[in-house]
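Trainee: A predicted structure for the sequence below; I have some questions about it.
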Amino acid sequence: MSGAARIEKTSVNGIPAIRLHASGYTASICPSMGANCFQLERGGASFLRTPPSFEVFRENPNVFGLPLLFPPNRVRGGKYRFQGREYRLPVNEIERGNHIHGFLSSAEFSLLDAETGVVTGDACGGDSCSATFTYEATREAPYSSFPHEFRVVLSYSLDGRGLAQTLEVENRSDSDMPIGLGFHAAFNCPFLPLTSPDEYRLQLPVSEELFLDGSTFIPTGEVSQANHLITALCGEGARPQGGAISSHFRGDRGRPRRAILSHIPSKRAIAYEVDPLLAFWMVWNQGGDKGFICPEPQTWIVDAPNSALPPEESGFCALHPGASIVLRSTLSEIETYRR
């Protein structure tokens with residue numbers, strides 16, 4: 001080990017975890033629940049929503065930390081056609097007749113590598129540590145009913161700049177594999193003790209809202225480029241709590257893909273900057289009274305495989321055999337948001 005950085009196997013609220021410590025940050029990752037980083041702390045702030053127990057985590061894997069979604073959000077009827085083949089996914093949102101979120105967030109990942117070190121050559125030099133996890137879908141152990149073999153590598157590194165995450169998915173099958181990815185990122189609001197949710201604001205550069213049907217939560221095809229929520233998100237920030245939010249957006253192509261949750265009085269904030277391929281967002285707060293807000297980045301719109309939009313507008317894409325997609329994101333504490 002080098003400096004103050006360290007890595008430990010531990011238990012957090014009864015949850016088996018790999019915990020990283022570096023440069024004042026602490027991050028906890030659960031390999032058995034999708035290698036989800038379910039806790040990120042620094043200087044008295046607890047930024048990510050952390051499960052109170054392993055039982056609650058297993059029952060609700062998509063509302064804590066940074067759960068990985070494959071596919072992200074909903075697929076109407078749990079089915080679609082691609083290159084002449086019908087894909088059928090389990091209908092696990094029974095009340096709306098959809099498939100939702102996939103199962104990677106509760107899949108067992110293996111620890112591939114872990115190390116500590118020192119960051120040099122920049123303004124954030126200091127101690128660092130990293131851990132890498134992997135999951136493989138094979139013919140013998142398939143990913144639910146998905147008819148492709150693939151490998152997922154999920155890496156985290158922690159240093160003075162915060163938490164960096166790299167996701168790589170490789171198509172190991174012999175045919176093109178449709179691919180849609182996202183993260184159901186859940187941030188505490190409030191993330192500081194003895195503060196009020198009213199003191200927080202969420203900023204997110206978006207260009208339009210993609211309206212969802214109220215009964216199915218599938219896009220209607222209607223969009224808005226100017227409304228109260230867009231104005232707030234792109235300006236001084238929207239209130240994360242106090243009213244229900246469940247809205248789907250296209251990110252602003254001309255600005256960084258960055259969600260910022262700020263505590264106004266202290267000027268402390270967490271910035272979640274995601275890969276440009278994560279071009280769409282869901283913003284959801286489960287009614288606005290549960291103490292959290294989810295800015296959820298995703299590579300395609302809700303129900304993209306069934307969308308009438310061209311792929312360049314819906315985000316729908318496929319990996320050729322042997323090809324990979326790589327997504328890089330960071331979580332960093334900042335003092336103020338300067339646009």
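Mentor: Thanks, I have the structure now.
Trainee: any low-confidence regions in this structure?
Mentor: Applying pLDDT under 70 to the chain flags the ranges 1-3, 119-125, 336-339.
Trainee: excluding its backbone neighbours, what's nearest the residue nearest the centre of it?
Mentor: The residue lying closest to the centre of the chain (CA atoms, centre = their mean) is Phe183, at 2.0 Å. Distances taken as CB to CB, 6 or more residues apart in numbering put Leu66 closest to Phe183, at 5.2 Å, once the chain neighbours are dropped. Using the backbone N, CA and C atoms, a C-beta is placed for each residue, glycine as well.
Trainee: give me the number of residues near that neighbour?
Mentor: Residues near Leu66, counting by other CB atoms under 10 Å, number 27.
Trainee: isn't the residue nearest to the centre of the chain up against Gly65?
Mentor: No: the pair Phe183 / Gly65 is not scored as a contact, 9.2 Å apart, by CB atoms under 8 Å.
Trainee: what sits in contact with each of these two?
Mentor: Among the neighbours of Phe183, none is also in contact with Gly65 (CB atoms under 8 Å, 6 or more residues apart in numbering).
Trainee: for the residue nearest to the centre of the chain, which residues are in contact?
Mentor: Leu66, Pro67, Leu68, Leu69, Val274, Leu278, Glu296, Pro297, Gln298, Ser329.
Trainee: could you find the closest non-adjacent residue to Phe249?
Mentor: Val206 (3.9 Å).
Trainee: quick check: the gap between the one you found and Asp174.
Mentor: The gap separating Val206 from Asp174 is 38 Å, by CB to CB, to the nearest Å.
Trainee: give me the more crowded residue out of the two.
Mentor: Per other CB under 10 Å, whichever of Val206 and Asp174 has more neighbours is Val206, with 23 against 10.
Trainee: in contact with that one, which residues?
Mentor: Ile230, Leu233, Cys234, Phe249, Arg250, Gly251, Asp252, Trp281.
Trainee: if we can go back for a sec, okay, the contacts of Phe183 in a markdown table with distance to Arg139 next?
Mentor: Formatted as a markdown table, the contacts of Phe183 follow (distance: CB to CB, whole Å):
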| residue | distance to Arg139 |
| --- | --- |
| Leu66 | 29 |
| Pro67 | 26 |
| Leu68 | 22 |
| Leu69 | 24 |
| Val274 | 32 |
| Leu278 | 30 |
| Glu296 | 31 |
| Pro297 | 31 |
| Gln298 | 28 |
| Ser329 | 31 |
